[in-house]
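Peer 1: sequence unknown, structure follows:
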């Protein structure tokens with residue numbers, strides 16, 4: 001097992017071969033050193049001496065006895081790999097019986113293993129005889145599809161050795177032979193590729209009979225069974241290694257079989273018939289079968305040529321006993337031996353589609369029963385049924401056209417010149433709208449409404465809501481007249497209208513099928529229009545007044561080309577940009593709609609809820625009053641007027657808008673000028689400390705008594721360095737001294753107080769890190785006039801100051817450090833105490849020491 005050396009191998013002998021056949025003897029070498037491609041020498045011996053036959057590397061190696069056979073190619077070497085060759089001997093003879101030795105020249109560094117091997121070859125006589133039935137030559141068989149046939153061949157061997165036969169039936173329908181069924185040398189049946197199912201069903205059998213015959217039986221023959229049949233017999237022998245070896249093979253052609261195909265066709269090609277006519281189709285079976293047979297025919301109908309039999313509809317069928325299934329309008333008759341006629345009476349449009357027939361041929365058996373031998377389906381035939389279209393015309397007329405907007409519109413769609421109509425024809429209408437354009441642009445049509453075969457009205461998206469509200473009415477006045485009425489025609493209804501009359505035909509199953517559509521000429525709905533004109537003029541009734549007096553102005557409206565208009569009025573004010581209450585500049589104050597309903601818009605002064613009044617003086621004149629005017633009311637006042645015209649269903653439709661000229665309110669006063677600033681002693685605060693912020697108000701100009709001044713003060717904070725966030729209201733105090741604070745999330749607290757007539761202080765108690773940011777105050781001054789009326793001045797915003805909140809590191813870590821040192825000291829002392837107690841009482845051991853005598857050493861002189 002641990003040794004390694006060159007090994008030369010040949011098959012284990014003896015090798016039994018038949019005279020006249022080709023012999024192939026392989027030889028291989030393994031476990032060698034040197035180049036990968038090895039050389040081989042073959043020698044032959046009948047008794048003792050070996051004759052040299054052929055070599056792979058020496059052309060002069062061949063002995064004189066074998067030079068002619070080697071030259072003719074009867075003996076040659078065929079290399080299969082670098083380390084293996086095959087000795088091929090054609091037409092082996094009895095003289096070639098003997099020992100064959102294969103040897104390899106050494107390429108190893110040391111001599112190890114075997115360098116040659118021998119095999120015995122035994123040549124026996126040819127005893128295999130293969131022939132057809134009764135030793136006849138090949139015959140021709142002409143059969144019909146579905147028939148059965150049998151073929152026989154004889155195979156016998158007289159070999160002196162114990163050999164087995166392998167019989168295979170083959171068919172050749174093209175260029176190559178194909179295996180049908182085999183009886184192997186091991187006694188097993190083996191069907192060829194594609195014949196497994198037929199072998200399991202028993203349609204193909206291989207039987208052995210007397211006189212060494214082998215019979216092939218084929219039932220239910222089909223077109224694929226046509227071709228040349230042969231019997232292929234090979235002779236096998238078991239070798240010395242117990243493996244089977246094929247020693248020779250012979251074949252004989254038995255018969256040429258042709259199968260006549262049975263076809264099913266419909267005699268009529270694609271055709272077209274008119275509605276109410278009859279459809280006549282004939283199914284023909286093409287076969288050369290001369291014996292007794294019966295046909296089973298089934299007619300099918302499908303809407304698509306690709307439908308399978310399971311998807312198609314069965315029209316009528318006739319079995320092989322000529323029993324026809326029942327049908328009212330469809331009949332099936334047997335015309336002659338191979339023709340079957342289908343007749344469909346009173347065809348309808350629904351009968352358009354594809355028709356095909358399926359035929360099966362039945363033949364009688366010996367026991368009196370019937371057997372189905374073949375079944376075929378014809379190609380589908382396309383049948384088109386042309387509907388009988390009625391002849392009629394459609395006329396669209398506008399019985400009512402609008403002259404103005406909101407006038408009614410009525411269209412009549414009439415059916416005229418009706419011809420060739422039957423009682424089973426019904427008419428419906430579809431209404432369409434197309435917007436009118438002066439250019440050549442293509443505009444798609446919009447469906448207004450349509451009727452189905454049951455006269456059910458289906459609304460389009462454009463008219464659904466207006467039809468449900470009763471603004472559009474669809475009706476049928478007579479059998480041939482349909483109407484469309486728009487109760488109130490609007491600008492969006494301008495355009496082209498047309499109707500489509502559809503004819504519906506009733507079919508055998510009482511269903512209605514649309515057969516024809518006729519479209520009317522379009523009718524344009526247009527009227528002469530002029531642009532709406534609206535003019536608004538504002539007039540100030542009192543040219544001069546002072547703060548505290550009543551401001552009054554009127555708005556006069558005039559319009560053109562608007563039918564019975566009504567007006568809605570809105571009073572707006574454009575405040576100066578310095579007014580902080582409205583950064584956008586325009587304020588909506590009060591409005592009055594077309595139904596004279598007054599509404600306060602953006603008027604937010606709760607102390608003057610009744611301070612503004614808007615009333616209708618005349619149909620086209622409105623008056624606005626503002627009582628107890630204040631300095632903050634300065635600005636430009638306008639009237640925004642909207643004209644409304646009556647629409648459909650009592651609704652009002654907006655026609656046009658107008659804007660008046662501005663009326664200015666400007667107070668000329670020499671009163672004081674207020675300034676506001678924010679101050680703090682310390683802008684850097686540590687957490688937990690108190691922050692003081694002062695809002696200081698100063699006055700310039702005329703001095704006022706402190707009792708004649710009051711202030712609304714609001715404090716704001718922006719939590720950023722660059723003022724890029726929304727301000728947050730902290731607290732506010734009004735002129736009556738009522739303090740309002742916003743809700744806070746932190747633990748810090750706020751207080752706001754008035755410390756002098758012109759100073760307000762904001763305190764932040766227990767500052768936290770989220771209290772940082774830009775802080776400022778907004779002051780609204782109130783000044784009492786000589787008449788005793790308080791006037792509100794514009795808001796004043798102070799310049800913000802930045803408050804920073806820092807953390808006191810010493811105070812923040814003082815208590816944690818003290819607590820940590822204290823805990824560490826206590827734990828250290830406790831550890832020492834536990835260690836001392838454990839060593840003192842818990843782990844103490846009693847040690848018994850041996851007592852030693854205390855003797856003095858004696859001097860050496862006394863020893």
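Peer 2: Yes, it's here. Everything numeric in this text was worked out from a predicted model, so none of it was measured. Residues are numbered from 1 along each chain as shown.
Peer 1: Residue 256 is in contact with residue 230, correct?
Peer 2: No. At 10.2 Å, residue 230 does not count as touching residue 256 under the criterion of C-beta atoms under 8 Å. Where you see a C-beta, it was placed from the backbone N, CA and C, and this is true even at glycine.
Peer 1: Looking at those two, which has the bigger crowd around it?
Peer 2: Neighbour tally, residue 230 and residue 256, criterion other C-beta atoms under 10 Å: the higher count belongs to residue 230, 21 against 15.
Peer 1: Do you know the pLDDT at the more buried one?
Peer 2: On pLDDT, residue 230 comes in at 93.
Peer 1: tell me which strands and helices the helix or strand where it lies is in contact with?
Peer 2: Assessed by DSSP states H and E, residue 230 sits inside strand 227-238. Applying 3 or more C-beta pairs under 8 Å, 6 or more residues apart in numbering; DSSP states H and E, we find strand 227-238 packed against strand 128-132, strand 149-157, strand 163-172, strand 244-260.
Peer 1: neighbouring strands for the longest one, and are they parallel or not?
Peer 2: Strands adjacent to strand 244-260 in the sheet, as given by DSSP bridges, are strand 139-144 (parallel), strand 227-238 (antiparallel).
Peer 1: How far off centre is the last one?
Peer 2: Right, strand 227-238. Computed by C-alpha atoms, centre = their mean, to the nearest Å, the chain-centroid distance of strand 227-238 equals 59 Å.
Peer 1: now the shortest one
Peer 2: Relative to the chain's own centre, strand 139-144 is displaced by 59 Å; criterion: C-alpha atoms, centre = their mean.
Peer 1: in that strand, what counts as buried?
Peer 2: Using 16 or more other C-beta atoms under 10 Å as the test for burial, strand 139-144 gives 141, 143, 144.
Peer 1: Give me the contact list for that strand.
Peer 2: Strand 139-144 has contacts (C-beta atoms under 8 Å, 6 or more residues apart in numbering) with 149, 221, 254-260, 262, 287-289.
Peer 1: just checking, what packs against the lowest-mean-pLDDT helix or strand in the chain?
Peer 2: Lowest on mean pLDDT, DSSP states H and E among the helices and strands of the chain sits strand 263-266, with a mean of 71. Strand 263-266 makes packing contacts with strand 279-286, strand 353-364, strand 370-377 when contacts are defined by 3+ C-beta pairs under 8 Å, 6+ apart.
Peer 1: Parallel or antiparallel, which strands does the longest one pair with?
Peer 2: If I follow you right, that is strand 353-364. For strand 353-364, using DSSP bridges, the partner strands are strand 294-302 (antiparallel), strand 370-377 (antiparallel), strand 381-386 (antiparallel).
Peer 1: Mind checking the pLDDT average for it?
Peer 2: 86.
Peer 1: cool, stretch 766-784 as well?
Peer 2: 88.
Peer 1: repeat for stretch 680-691
Peer 2: Computed over stretch 680-691, the average pLDDT equals 87.
Peer 1: Pull up the distance across it, start to finish.
Peer 2: 8 Å (C-alpha to C-alpha, to the nearest Å).
Peer 1: Show me which residues of it are buried.
Peer 2: Quick answer for stretch 680-691 (16+ other C-beta under 10 Å): 680, 685, 687, 688, 691.
Peer 1: List just the nearest of these to residue 235.
Peer 2: residue 687 (112.0 Å; C-beta to C-beta).
Peer 1: Contacts only, for that closest one.
Peer 2: Contacts of residue 687 by C-beta under 8 Å, 6+ apart are 767, 768, 769, 805, 806, 807, 808.
Peer 1: For those, give me JSON lines that also has distance to residue 276 and secondary structure.
Peer 2: Below are these laid out as JSON lines (distance: C-beta to C-beta, whole Å; DSSP: H, G, I helix; E, B strand; the rest coil):
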{"residue": "767", "distance to residue 276": "102", "secondary structure": "coil"}
{"residue": "768", "distance to residue 276": "98", "secondary structure": "coil"}
{"residue": "769", "distance to residue 276": "97", "secondary structure": "helix"}
{"residue": "805", "distance to residue 276": "100", "secondary structure": "strand"}
{"residue": "806", "distance to residue 276": "104", "secondary structure": "strand"}
{"residue": "807", "distance to residue 276": "103", "secondary structure": "coil"}
{"residue": "808", "distance to residue 276": "108", "secondary structure": "coil"}
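Peer 1: Which of the residues you listed are buried? Put it as a PyMOL command.
Peer 2: In PyMOL, this line selects whichever of these come out buried by 16+ other C-beta under 10 Å:
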select buried, resi 767+805
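Peer 1: any chance of the contacts of residue 687 in CSV, plus distance to residue 293?
Peer 2: What follows is the contacts of residue 687, written out as CSV (distance: C-beta to C-beta, whole Å):
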residue, distance to residue 293
767, 114
768, 109
769, 107
805, 112
806, 115
807, 112
808, 118
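Peer 1: So which of the strands paired with strand 244-260 is nearest residue 203?
Peer 2: Per C-beta to C-beta, nearest to residue 203 of the strands paired with strand 244-260: strand 139-144, 14.1 Å.
Peer 1: and the strands paired with strand 353-364, which one's lowest on average pLDDT?
Peer 2: Minimum mean pLDDT among those: strand 370-377, a mean of 80.
Peer 1: and the angle from that one to strand 279-286?
Peer 2: Strand 370-377 and strand 279-286 are oriented at 120 degrees to each other (axes from the mean of the first three to the mean of the last three C-alpha atoms, to 10 degrees).
Peer 1: From the chain's centroid, how far away is strand 370-377?
Peer 2: Counting by C-alpha atoms, centre = their mean, strand 370-377 comes out at 47 Å from the chain centroid.
Peer 1: Give me the neighbour count for residue 295.
Peer 2: Residue 295, neighbours per other C-beta under 10 Å, totals 22.
Peer 1: OK, contacts around it?
Peer 2: 285, 320, 338, 340, 359, 360, 361, 362.
Peer 1: Try it again at 7 Å.
Peer 2: By C-beta atoms under 7 Å, 6 or more residues apart in numbering, the contact list for residue 295 reads 285, 320, 359, 360, 361.
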